[in-house]
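A.B. asks: Got a predicted model here, sequence first, then my questions.
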Amino acid sequence: MTRRLSVALMSVGGLVLLSVALVLVPHSWWGVLASGWPVLVPVAGGLATLVAGVLLWQRGGVHHEVSAAPTPPNRQVRPLPSWVIPVGVALVGTVTWAAVTWLQDSVPAVGDGVQRAQLRVESIRTGLTIGAAVTGAFALLLAFRRQQLAERTQQATEYDAGEKRVTELYVKAADQLGSDKAPVRLAGLYALERLAHDNPIHRQSIVEVICAYLRMPYTPPDDQPTPPSPPDWATPVVATGDSDKPAVDPREERQVRLAAQRILARHLRPTTPEGQFHPLYWGPKMILDLTEAVLIDLDLTGCHIHNATFTKAHFSGGAWFGEVTFSGGAWFDKATFSGDSRFDKATFSGDAWFDKATFRSGAWFGEATFSGGAWFDKATFSSSSRFDKATFGSGAWFGEVTFGGDAWFGEVTFGGGARFGEATFGGDAWFGEVTFGGGARFGEATFGGDAWFGEVTFGGGARFGEATFSGDARFDRATFGGGTWFDKVAFCGDAWFDRATFSSTASFDGATLGGARYDGPEPIVAE
C-alpha cells in the first residue's frame, strides 16, 4: 500500500509541476509554442514514458534469489480508489482552463481584429493541446497500472501452478523414501535434492525430511559377507510377521543413509576446495535436527550450519567436523562417537553442549573456537583427547569428565572461567602455556599420570583443593594472578614450582607429599 501511494503521489506531483511550468512560460515564448504546437505532444509523451521507465526500473531492481520456480506476488492487489478518476478529470480540466486563460490574457493588443482573433484561436488550440497532453499522461499511467495488474495475475497463476507441481513432486519423493527397495529410496532422496536446489524457499523443509529419515531406527551391519539370496519362494520377511513386505537389507540401507549424509554435506559447504563460492550451497541458515540418529562415517568438513542438534546421536565410524562453522547452537549432549572424532578448527559461534557425550576413540578439538559457553560435564574420553590451541571465549565446563587417555590442552585460551572439578585424568594431562582468563577450578580432580602446568597463566583464582596428583606435578614458571588454593592436595609424585609467581594468597594447608622433590611455597602441613 505504501508503494502504491508513493507512485500515485509522484504521478500527481509530476502533473502539477508540468502544469505550473507551462503556466510560467514567458509571454515571448508563446508565439513560438503556438507555431510549433505539434512538438508539444511528443514532448509530453516522452516525459510520461520517462516516468514509466523510472518506475519499471525501480520495480526490476528488486533482488530475487535465482529459482526455477515462479516467485510469489510481492504485494497484494487492491482496487483502484474511486476518487482517482474524478480527481484526474478535475486535474485535466484545471490545467486546460489555466493554460487557455493564461494564453488568452497573453494575446497582444496590436494589429487588426482579424489578427487578434487568429491569435486567440491559436491560444485556445495550444491550451487544448496542453490539456490533451496531460490527459495522455494520465491515461498512460492508468495503462501502466493495468499492465501491472495483468503481469501480477499471470505471476500468481504461474506461482500457483509451480506450487502445485512442487507439492506433487514432494509427496511422490516422500513416498519413495518409504519403499522397501533401496534404489527407490535413493531415487526419492535425489528427487528431494533436486527439488530443494530449484526451490530455495523449500530447502529447509526438505532438509528436515532428510534428517527425519536419518533419525529412523537403524542398526549398522557387521563386516560379515552377505549370504546368498534365497529363492523367490523363500523371500525373507520383517520380524513383525508382515508376510507381504520383504525385509530391508541393512547393507543396502547403509548405502541409502550414506547418500543422505552426502546430500546434506554437499549443500552445506559455502566454498569449494579452491576457495571459490560453491554453486550448490544452500545458505547459512540451515538447521539440522539429527537427534538419536545413527550416522555412518559422517563428514561435514568445512560446512556452515546454523543450529545443529545431535543429542543422543550415534556416530558409527569416524565423525569429521573439521573447520565447521556453527553460527547458532550445537548440541552433542549424550552423543556416542564410536570412531575418531575431529573438530579441528571448528567454530562454535553460540553455545556448545557435549555433556555426557562418549568418545570411544580419539577426539580432536585443536584450534577450535568456542565463542559461547562450552559444556563437557560428565563426558567420557576413552582415548586421547586434544584441545591444543583451542579458544574458549566464555565459560568452559569439564566437571566430572573422564579422560581415559592423555589430555592435551597446550596453549589453550580460556577467556572465562574453566571448571574441571572432580575430573579424572587417566593419562597425562598437558596444560602447558595455557591462559586462564577467569577462575580455574580443579577441586577434587584426579590426575592418574603426570600433570604439566608449565608456564600457565592463572588470571583469576586457581583452586586445586583435594585434588590428587598420582604422577609428577609440574607448575614451572606458572603465574598465579589471583588467590591460589592447594588445600588438602595429595602430591603422590614429585612437585615442581620452579620460578612460579604468586601474586596473591597461596594456601597449601593440609597438602601431603609423596615424592622425593617439592619446591613449592610454605607451609606444608601433613595430615
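C.D. replies: Perfect, I can see it now.
A.B. asks: could you pull out the helices for this structure?
C.D. replies: 2-23, 27-35, 40-60, 84-105, 113-177, 182-198, 203-214, 250-266 (DSSP state H).
A.B. asks: May I see these arranged in CSV, with distance to H314, mean pLDDT and mean neighbour count as well?
C.D. replies: (Glycine included, C-beta is placed from N, CA and C.) CSV is the format used below for the helices of the chain (distance: least, Cβ to Cβ, whole Å; pLDDT from 0 to 100; neighbours: other Cβ atoms under 10 Å):
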stretch, distance to H314, mean pLDDT, mean neighbour count
helix 2-23, 53, 57, 14
helix 27-35, 87, 55, 13
helix 40-60, 51, 59, 14
helix 84-105, 66, 74, 16
helix 113-177, 21, 78, 15
helix 182-198, 21, 92, 18
helix 203-214, 11, 94, 18
helix 250-266, 12, 94, 18
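A.B. asks: right, so of the ones you listed, which gets closest to G302?
C.D. replies: G302 lies closest to helix 250-266 among the helices of the chain, at 8.8 Å (Cβ to Cβ).
A.B. asks: Show me what that closest one is packed against.
C.D. replies: helix 182-198, helix 203-214, strand 294-299 (3 or more Cβ pairs under 8 Å, 6 or more residues apart in numbering; DSSP states H and E).
A.B. asks: want to try a markdown table for the helices of the chain, with distance to T484 as columns?
C.D. replies: Formatted as a markdown table, the helices of the chain follow (distance: least, Cβ to Cβ, whole Å):
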| stretch | distance to T484 |
| --- | --- |
| helix 2-23 | 65 |
| helix 27-35 | 95 |
| helix 40-60 | 67 |
| helix 84-105 | 82 |
| helix 113-177 | 60 |
| helix 182-198 | 56 |
| helix 203-214 | 48 |
| helix 250-266 | 47 |
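A.B. asks: and F321, which of the ones you listed is closest to it?
C.D. replies: helix 250-266 (10.8 Å).
A.B. asks: what angle separates that closest one from helix 113-177?
C.D. replies: 150 degrees (axes from the mean of the first three to the mean of the last three Cα atoms, to 10 degrees).
A.B. asks: what's the angle from helix 250-266 to helix 203-214?
C.D. replies: Going by the same axes, to 10 degrees, helix 250-266 makes 150 degrees with helix 203-214.
A.B. asks: sorry, back to before: so for L169, which of the helices and strands packed on helix 250-266 sits nearest?
C.D. replies: Among the helices and strands packed on helix 250-266, helix 182-198 sits nearest to L169 (Cβ to Cβ), with 5.4 Å.
A.B. asks: how far out from the middle of the chain is the closest one?
C.D. replies: 23 Å (Cα atoms, centre = their mean, to the nearest Å).
A.B. asks: do you know which of the helices of the chain lies nearest F359?
C.D. replies: Using Cβ to Cβ, the helices of the chain put helix 250-266 closest to F359, at 19.9 Å.
A.B. asks: centre of the chain versus that closest one, how much separation?
C.D. replies: 24 Å.
A.B. asks: what do you get for stretch 302-309?
C.D. replies: 8 Å.
A.B. asks: For it, list the C-alpha coordinates in PDB.
C.D. replies: Extracted C-alpha coordinates of stretch 302-309, given in PDB (Å, rounded to 0.1, in the frame of the first residue of the first chain):
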ATOM      1  CA  GLY A 302      34.000 -27.200   6.000                       C
ATOM      2  CA  CYS A 303      30.200 -27.000   6.300                       C
ATOM      3  CA  HIS A 304      28.300 -24.000   7.600                       C
ATOM      4  CA  ILE A 305      25.300 -24.800   9.800                       C
ATOM      5  CA  HIS A 306      23.100 -22.500  11.800                       C
ATOM      6  CA  ASN A 307      21.700 -24.700  14.600                       C
ATOM      7  CA  ALA A 308      22.700 -28.400  14.800                       C
ATOM      8  CA  THR A 309      21.200 -30.900  17.200                       C
END
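A.B. asks: I'd like the average pLDDT over that stretch.
C.D. replies: Stretch 302-309 shows a mean pLDDT of 95.
A.B. asks: One more: stretch 457-475?
C.D. replies: Computed over stretch 457-475, the average pLDDT equals 94.
A.B. asks: Repeat that for stretch 340-356.
C.D. replies: 96.
A.B. asks: Now do the end-to-end distance for it.
C.D. replies: 17 Å (Cα to Cα, to the nearest Å).
A.B. asks: Make 207 the first number, not 1, from now on.
C.D. replies: Sure, I'll start counting at 207 from here, so that last one is stretch 546-562.
A.B. asks: Show me which positions of that stretch end up buried.
C.D. replies: 546-562 (16 or more other Cβ atoms under 10 Å).
A.B. asks: Redo the helices and strands packed on helix 456-472 as a markdown table? Include distance to R322.
C.D. replies: Listed next are the helices and strands packed on helix 456-472 as a markdown table, based on distance: least, Cβ to Cβ, whole Å:
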| stretch | distance to R322 |
| --- | --- |
| helix 388-404 | 74 |
| helix 409-420 | 77 |
| strand 500-505 | 94 |
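A.B. asks: what's the closest of these to G645?
C.D. replies: Using Cβ to Cβ, these put strand 500-505 closest to G645, at 35.9 Å.
A.B. asks: which other residues reach the closest one?
C.D. replies: Strand 500-505 is contacted from outside by 420, 423-426, 460, 463-464, 467, 471, 519-526, 545, using Cβ atoms under 8 Å, 6 or more residues apart in numbering.
A.B. asks: Can you pull the poorly scored residue ranges out of the stretch 607-733 of the chain?
C.D. replies: 722, 726, 728-733 (pLDDT under 70).
A.B. asks: please redo it, this time with the cut-off set to 80
C.D. replies: Applying pLDDT under 80 to the stretch 607-733 of the chain flags residues 721-733.
A.B. asks: Can you tell me how far the spatially closest residue to I416 that is not a sequence neighbour is from D678?
C.D. replies: What sits nearest to I416 in space, not counting adjacent residues and going by Cβ to Cβ, 6 or more residues apart in numbering, is A466, at 5.3 Å. Using Cβ to Cβ, to the nearest Å, one gets 50 Å for the distance from A466 to D678.
A.B. asks: just A596 next, same as before
C.D. replies: 24 Å.
A.B. asks: cool, V695 as well?
C.D. replies: 14 Å.
A.B. asks: could you measure the residue nearest to R723 when sequence neighbours are not counted against F675, distance?
C.D. replies: Excluding its sequence neighbours, the residue lying closest to R723 (Cβ to Cβ, 6+ apart) is D700, at 4.2 Å. D700 is 9 Å from F675, where distance means Cβ to Cβ.
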